[in-house]
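S.K.: Pasting the sequence and the predicted model now:
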Amino acid sequence: MASATTSDCALIIASDVASGRRRATDVVSRALARIAARNPVLNAFTAVTTERALARAGAIDAAIAAGRSVGPLAGVPFAVKNMFDIAGMPTLAGSRINRDHPPANLDATLLTRLETAGAVLVGALNMGEYAYDFTGENAHDGAVRNPHDTARMSGGSSSGSGSAVGGALVPLALGSDTNGSIRVPSSFCGSFGLKATYGRLSRTGTFPFVSSLDHVGPLARCPADLALAYDAMQGADPRDPVCADRPADPAFSTLQDGIDGLRIVRAGGYFRAGASAEALSALDTVATALHANAEIELPEAARARAAAYVITASEGAALHLPRLRDRPQDFDPDVRDRLIAGALIPASIVTQAQKFRRWYRAAVLHLFQSVDVILAPATPCVAPLIGQKTFILDGKEMPLRPNIGIYTQPVSFIGLPVVAVPVCLPGSLPIGVQIITAPWREAVALRVAQTLLAAGAVSAPLPRPDA
Amino acid sequence: MSDSPIDLDAFIQAGTALLCIPVCPEWRDSIRLHLEISFNLGGLVLAFPLPDEADPAPVFHP
């Protein structure tokens, strides 16, 4: 598969725009044209903010002409999952019901921070309803299509984010990840994704799902762009009680520091069971490039996934209970029925899950005393066909939706930072690998991703013309 | 969790009535499937022995 040219990357765009080699207006116009040409097929965007984007791009060009500084993401087009507030628009969160909400008064915090860094919002992205989705299908706005094979899923719930970045419509998008919703579309669509430490990036101005587990973060076509976006978005936010009051820890400046001295291992046991040949090959490709031969087992990973599952089902149902009572018929049926089931889970199970979470966190952090990086598959398989309901997992036919996230859930359950990197195996669709570190070590995970890119082990492929 | 068969349909009917969630008959099979998955996974969670002193992960600070 052809890889992205460097001119597609945010880093190069920003440098070109800041230096005057390219105009922000031209960069953004070209992105809008790509979206117009390709979105009818991919269905990644639910709204394109053309007027706002061109006005913003014009302002950046004027600032540069006046000799003013415009920020490290000058002129970079980006889009946000439609659970991020965009001032003047209702925040859909992939739903029909939220269309009746009044427009947002303010932009979400992360959107504001990216614009402060010079990036230009071009639109809102399709997603699985209320983020309770791993497939990219949506009964109201239609399925998002995989840019590398449009008969296949984009993955979700940040489906539009994965497809728009994987399809090179934009170099940067924001998504959210509760149990895998950045990492799964990154894996299926061949993009890089960052799920930062729980509480690292502000959730202010985003429609919630599971407060105990919700993260937000960027998808991009290279680790440098992830790092630039991450650095622009970091920082405390008093309006988000979960957002950590920690000083920013810039990642871009250490991106080229390599992996010397890092203890990197593969996750074995649970994280190998049920993996397809492609998932294991991708993991081998990454591990070989990093000289990571040893294996480590995360204790009770299956139970961690189970605990994340019941917390999600229960908290998600509690959030939506008023809507389930008043408008159950207006939900995506695949989401509604899981929410109703979640509302019936006894509290004793959920309480135990939260207690187990503390135990599991301590057990896994103990592992990080002897290792720096753990590698694991992002998804058990490459992107399934749109509409597929089951797949083969460990030799058994299993429901697809609940099981796509088996490798992502035990990691996000305890808020560990992860960079998902895309591996392109010959003759295969892309598939992701998780680079997992201890809390607050996003810069290490990004360094590892950059090393892999430089070694040719990972890349964000461009879609074939006939995809 | 119980090894004896449980009438999940009755459980769903009672639980959704208690919570005032209207349920169409054609939704019941799907709701039951997801509840079975949740209870299977919930059983894994409940089976893990934790001492009485175990605290939940979230901690409230007044």
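M.R.: Looks like it arrived, so ask away. Numbering: from 1, shown residues only, chains lettered A, B, ... in the order given.
S.K.: Kindly list the longest helix within chain B.
M.R.: As assigned by DSSP state H, the longest helix anywhere in chain B is helix B:28-46.
S.K.: cool, and chain A?
M.R.: Max-length helix for chain A by DSSP H is helix A:301-326.
S.K.: right, and the helix or strand after that helix?
M.R.: Toward the C-terminus, helix A:301-326 is succeeded by helix A:333-343 as the next helix or strand (DSSP states H and E).
S.K.: check whether that next one contacts chain B.
M.R.: Yes: using CB under 8 Å from any CB of the partner chain, helix A:333-343 reaches chain B at A:Pro333, A:Arg336, A:Asp337, A:Arg338, A:Ile340, A:Ala341, A:Gly342, A:Ala343. For every residue, glycine as well, the C-beta is placed using N, CA and C.
S.K.: still on that earlier bit, give me the angle between the longest helix of chain A and helix A:333-343.
M.R.: If you take axes from the mean of the first three to the mean of the last three CA atoms, to 10 degrees, helix A:301-326 sits at 100 degrees to helix A:333-343.
S.K.: Next to chain B, which bits of the stretch 201-350 of chain A? Give me the list.
M.R.: Contact residues, the stretch 201-350 of chain A versus chain B (CB under 8 Å from any CB): A:212, A:300, A:302-303, A:305-307, A:309-310, A:313, A:321, A:324-325, A:328-329, A:333, A:336-338, A:340-346, A:348-349.
S.K.: before we move on, the earlier item: just list what the longest helix of chain A packs against, helices and strands only.
M.R.: helix A:333-343, helix A:347-367, helix A:409-412, helix B:28-46 (3 or more CB pairs under 8 Å, 6 or more residues apart in numbering or on different chains; DSSP states H and E).
S.K.: Throw these into a markdown table and include mean neighbour count, distance to B:Ala57 and mean pLDDT, thanks.
M.R.: As requested, the helices and strands packed on helix A:301-326 are exported to a markdown table (neighbours: other CB atoms under 10 Å in any protein chain shown; distance: least, CB to CB, whole Å; pLDDT from 0 to 100):
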| stretch | mean neighbour count | distance to B:Ala57 | mean pLDDT |
| --- | --- | --- | --- |
| helix A:333-343 | 24 | 19 | 97 |
| helix A:347-367 | 18 | 4 | 98 |
| helix A:409-412 | 27 | 13 | 98 |
| helix B:28-46 | 19 | 13 | 96 |
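S.K.: Looking at these, spot the one closest to A:Met398.
M.R.: Nearest of these to A:Met398, taken as CB to CB: helix B:28-46 at 10.0 Å.
S.K.: Need the contact partners of that closest one.
M.R.: Helix B:28-46 has contacts (CB atoms under 8 Å, 6 or more residues apart in numbering or on different chains) with A:302-303, A:305-307, A:309-310, A:313, A:333, A:337-338, A:340-342, A:344-346, A:348-349, A:352-353, A:356, A:399, A:402, B:1, B:8-9, B:11-12, B:23.
S.K.: can you pull the contacts of the spatially most central residue of chain A?
M.R.: Geometric centre of chain A, nearest residue: A:Ile182, 2.0 Å, by CA atoms, centre = their mean. Contact analysis of A:Ile182 by CB under 8 Å, 6+ apart lists A:Ser158, A:Ser161, A:Gly175, A:Ser176, A:Gly193, A:Leu194, A:Lys195, A:His215, A:Gly217, A:Leu219, A:Ala420.
S.K.: any chance you could map the helices in chain A?
M.R.: Under DSSP H, chain A gives helices at A:10-19, A:24-42, A:50-65, A:109-116, A:159-166, A:183-189, A:223-233, A:277-289, A:301-326, A:333-343, A:347-367, A:409-412, A:442-454.
S.K.: The first one relative to helix A:223-233, how many degrees between them?
M.R.: Spelled out, it's helix A:10-19. Helix A:10-19 runs at 70 degrees relative to helix A:223-233, counting by the same axes, to 10 degrees.
S.K.: which ones are touching A:Val364?
M.R.: Counting by CB under 8 Å, 6+ apart, A:Val364 makes contact with A:Leu298, A:Pro299, A:Ile414, A:Leu416.
S.K.: Closest one to chain B out of those residues, please.
M.R.: A:Ile414 (8.1 Å; CB to the nearest CB).
S.K.: So what's the residue count around that closest one?
M.R.: 23 (other CB atoms under 10 Å in any protein chain shown).
S.K.: got it, and B:Pro5?
M.R.: Quick note: B:Pro5 (other CB under 10 Å) scores 6 neighbours.
S.K.: and if you look at A:Leu453?
M.R.: A:Leu453 is flanked by 21 other residues according to other CB under 10 Å.
S.K.: List the contacts of the nearest residue to it once chain neighbours are set aside.
M.R.: In space, and not counting its chain neighbours, A:Leu453 is closest to A:Pro223: 5.9 Å by CB to CB, 6 or more residues apart in numbering or on different chains. By CB under 8 Å, 6+ apart, the contact list for A:Pro223 reads A:Phe192, A:Leu255, A:Val419, A:Val421, A:Leu446, A:Ala449, A:Gln450, A:Leu453.
S.K.: what bridges to A:Phe84?
M.R.: A:Thr206 (DSSP bridges).
S.K.: before we move on, back to that, separation between the residue nearest to the centre of chain A and A:Cys189?
M.R.: Relative to A:Cys189, A:Ile182 is positioned 11 Å away (criterion: CB to CB, to the nearest Å).
S.K.: What of A:Leu321?
M.R.: Relative to A:Cys189, and taking CB to CB, A:Leu321 is found at 33 Å.
S.K.: Show me which of these two is the more surrounded one.
M.R.: Between A:Leu321 and A:Cys189, counting by other CB under 10 Å, A:Cys189 is the more crowded of the two (38 against 17).
S.K.: now the residue nearest to A:Ala378 when sequence neighbours are not counted: how far from chain B?
M.R.: Of all residues not flanking A:Ala378 in the chain, A:Gly432 sits nearest, at 3.3 Å (CB to CB, 6+ apart). Distance of A:Gly432 to chain B, computed by CB to the nearest CB, to the nearest Å: 24 Å.
S.K.: Could you do A:Leu54 as well?
M.R.: For A:Leu54, the distance to chain B equals 44 Å [CB to the nearest CB].
S.K.: and that residue, how many neighbours?
M.R.: 17.
S.K.: Pretty sure it sits against A:Ser29.
M.R.: Yes: under the criterion of CB atoms under 8 Å, A:Leu54 makes contact with A:Ser29 at 7.2 Å.
S.K.: Contact partners for the residue lying closest to A:His320 once chain neighbours are set aside?
M.R.: Leaving aside its sequence neighbours, A:His320 sits nearest to A:Leu339 (CB to CB, 6+ apart; 5.3 Å). The contact partners of A:Leu339, taken as CB under 8 Å, 6+ apart, are A:Tyr132, A:Ala313, A:Gly316, A:Ala317, A:His320, A:Leu324, A:Phe331.
S.K.: which two from those end up farthest apart in space?
M.R.: So, the contacts of A:Leu339 by CB to CB: farthest apart are A:Ala313 and A:Phe331, at 14.7 Å.
S.K.: that older thread, buried sites along the longest helix of chain A?
M.R.: By 16 or more other CB atoms under 10 Å in any protein chain shown, the buried positions in helix A:301-326 come out as A:301-317, A:319-321, A:323-324.
S.K.: got it, and stretch A:269-284?
M.R.: In stretch A:269-284, counting by 16+ other CB under 10 Å, buried: A:Tyr270, A:Phe271, A:Arg272, A:Gly274, A:Ala275, A:Ser276, A:Glu278, A:Ala279, A:Ser281, A:Ala282, A:Leu283, A:Asp284.
S.K.: Among the residues you listed, which has the minimum pLDDT value?
M.R.: Across the buried residues of stretch A:269-284, the bottom pLDDT score, 88, is held by A:Gly274.
S.K.: Please tell me I have it right and that one contacts A:Cys381.
M.R.: No: look at A:Gly274 against A:Cys381 with CB under 8 Å: they stay out of range, at 9.2 Å.
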